[in-house]
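J.: Sequence and computational prediction follow.
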There are 2 protein chains.
Amino acid sequence: MAERVDAARNRVRLLDAAARLVRERGAEHVTMEAVANAAGVGKGTVYRRFGDRAGLMFALLDHAERTFQEDFLTGPPPLGPGAPPRERLAAFGVATIRHQIRYLDLYLQAEPKPARQYSPHPPYEVRTLHLASLLRAAGVPGDLDVIAEVLGSYLGTPFLNRLHSHRRVPAERIEAGWRDLVDRLVG
Amino acid sequence: MAERVDAARNRVRLLDAAARLVRERGAEHVTMEAVANAAGVGKGTVYRRFGDRAGLMFALLDHAERTFQEDFLTGPPPLGPGAPPRERLAAFGVATIRHQIRYLDLYLQAEPKPARQYSPHPPYEVRTLHLASLLRAAGVPGDLDVIAEVLGSYLGTPFLNRLHSHRRVPAERIEAGWRDLVDRLVG
DNA sequence: TTTGAAAACGGACTGTGGTCCGGTTTTGTT
DNA sequence: AACAAAACCGGACCACAGTCCGTTTTCAAA
């Protein structure tokens, strides 16, 4: 069944309000109640629509995330199909690093709390699968699932947050680190 | 100045109570108020002593953490000094993986919330430094700080929790993955 | 157009982490 | 022993995520 009109209306209102508040105050200072009030909606509605705080934050990332996924799944090379796996790996990492750093505050807030067992976090799964597939295509020997997880962890929010925000490593150096890592693991 | 006797007494009571509650209910179901009550102490006292929830959990890990640190900093080879760096790297990883998995629930709870900028997390820093030093001793070329971070992230709570708890990868395979990673990065 | 059930709504309510501050205990000093 | 300052104590209090449930809205079948 299609979404009810009031539900659709409120979803739009909520996303608009949330985006505005994030822009104004920064993602970490946006409370769920503030979003509900700004959208002229009850708190319960926010939670029915988005599950929890991380879900709302992730919904704000959804557009950027979809676009990015299309880029590397079906877009032009070297990110998309067509280039040799090795080059796609390098390009994918660099693109992901930039994407992650650009939306880092949102990704941090979208990270499911570890207490919540099973934190699927869809984009992470897709990326890891993509990495494993590129490794396979590149003919890399070894435990590809684990290697893909290693590479995926380099591109994940916790690692990039640590390097970029805490250690203050500039993006270029992080990207160089990625290329080096790919060289050593694949080469 | 030395710690006041009432402060010392309460710290012991709190750690005892917390350890008992963690044993009984599991770390993630222990509330700060429950710890305070079980210790016969006010909530404020818990926070003054341990800063926050993560601080309390980390205090519970302190003994195991210290012991482990001694093992690889000054203990017998291959973990401690004396063995070739390459072997120390391998041994360090395997030991850390076992250590982390053994106390995984506590480490998860001891993880500082990412909102809190600057999450030093002392053990992580020490380990990364140790890794960098072993890499240097092994004569590995490249950006050693970044490589050490990569290795450190393999041994960190987020990565091991993901592999072990979510992906259900058995410890042996994680350890094999470590040896493989060291081979490729160092070899 | 009526109607009834499913879906959505909203805001009071709960649980928990973390803060605050007036009162108490300890400790060094005279 | 008496005192004052420093350290500490405790629990009321606050903020915020997340839940609950009685009420309202939607929509399609009659």
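T.: Yep, that arrived. Residues are numbered from 1 along each chain as shown, chains lettered A, B, ... in the order given.
J.: Please, which helix or strand holds the residue nearest the centre of chain A?
T.: Closest to where the C-alpha atoms of chain A average out (Cα atoms, centre = their mean) is A:P123, at 5.3 Å. Assigned by DSSP states H and E, A:P123 belongs to helix A:122-137.
J.: Go through that helix and flag the buried ones.
T.: Within helix A:122-137, the residues that count as buried by 16 or more other Cβ atoms under 10 Å in any protein chain shown are A:P123, A:Y124, A:R127, A:T128, A:H130, A:L131, A:A132, A:L134, A:L135. C-beta here means a position set from N, CA and C on the backbone, and glycine is covered the same way.
J.: Out of those residues, flag the one nearest to chain B.
T.: Within the buried residues of helix A:122-137, the smallest distance to chain B is 8.7 Å, found for A:Y124 (Cβ to the nearest Cβ).
J.: what separates that closest one from A:Y107, distance-wise?
T.: 10 Å (Cβ to Cβ, to the nearest Å).
J.: Now do the helices in chain A.
T.: Along chain A, the segments classed as helices by DSSP state H run A:5-25, A:32-39, A:43-50, A:53-74, A:85-102, A:104-110, A:122-137, A:144-154, A:157-160, A:171-186.
J.: Now distance to DNA strand C and mean pLDDT too, for those, in TSV please.
T.: As requested, these are exported to TSV (distance: least, Cβ to the nearest atom of the strand, whole Å; pLDDT from 0 to 100):
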stretch	distance to DNA strand C	mean pLDDT
helix A:5-25	4	98
helix A:32-39	7	98
helix A:43-50	2	98
helix A:53-74	12	97
helix A:85-102	25	98
helix A:104-110	16	96
helix A:122-137	21	96
helix A:144-154	25	98
helix A:157-160	18	96
helix A:171-186	29	97
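J.: Export these as JSON lines, with columns for distance to chain B.
T.: Listed next are the helices of chain A as JSON lines, based on distance: least, Cβ to the nearest Cβ, whole Å:
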{"stretch": "helix A:5-25", "distance to chain B": "13"}
{"stretch": "helix A:32-39", "distance to chain B": "15"}
{"stretch": "helix A:43-50", "distance to chain B": "19"}
{"stretch": "helix A:53-74", "distance to chain B": "11"}
{"stretch": "helix A:85-102", "distance to chain B": "12"}
{"stretch": "helix A:104-110", "distance to chain B": "5"}
{"stretch": "helix A:122-137", "distance to chain B": "9"}
{"stretch": "helix A:144-154", "distance to chain B": "4"}
{"stretch": "helix A:157-160", "distance to chain B": "5"}
{"stretch": "helix A:171-186", "distance to chain B": "4"}
